[in-house]
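# coords please:
(one chain, ligands or ions: 1)
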Amino acid sequence: MTECPKGDHEFPDEDDTGAHCDEHGVTLLWHGPPITPEDFAPEPHGRRSAPPAPRALGQHPH
Ligand SMILES: [Zn+2]
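Next up, the predicted model:
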């Protein structure tokens, strides 16, 4: 278990993703896997009518 930084006790809530102390309002998150570009990709179902990328129009990059 991990000790709460604001109190002399262990986190009552702790799992693989992090720990949380309701009493002190402290939340710790463990380091997860590295962030990949895909994590920044927009959600497919949240997408509006996005303009086509320049490359899709056949324009030369230079
Ligand atoms: Zn605490």
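# going forward, measure contacts and count neighbours with C-alpha atoms only.
Fine.
# what segments of this structure are strands?
Taking DSSP state E as the test, the strands found in the chain are 13-14, 18-21, 26-29.
# and the last one, C-alpha only, in CSV?
Once non-C-alpha atoms are left out, strand 26-29 reads as follows in CSV (Å, rounded to 0.1, in the frame of the first residue of the first chain):
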residue,chain,number,x,y,z
VAL,A,26,-5.9,13.3,-2.7
THR,A,27,-5.7,11.3,-5.9
LEU,A,28,-2.6,9.7,-7.2
LEU,A,29,-2.3,8.1,-10.6
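# tell me the mean pLDDT for it?
For strand 26-29, mean pLDDT is 88.
# adjacent strands (with direction) for that strand?
strand 18-21 (antiparallel) (DSSP bridges).
# and what of the shortest one?
In its sheet, strand 13-14 lies beside strand 18-21 (antiparallel), with partners assigned from DSSP bridges.
# which ones are touching Glu14?
1-2, 20 (Cα atoms under 8 Å, 6 or more residues apart in numbering).
# got a list of contacts for stretch 21-34?
So stretch 21-34 is in contact with 4, 6-7, 11-13, 16-20, going by Cα under 8 Å, 6+ apart.
# hmm, try it at 10 Å
Stretch 21-34 is contacted from outside by 2-7, 9-20, using Cα atoms under 10 Å, 6 or more residues apart in numbering.
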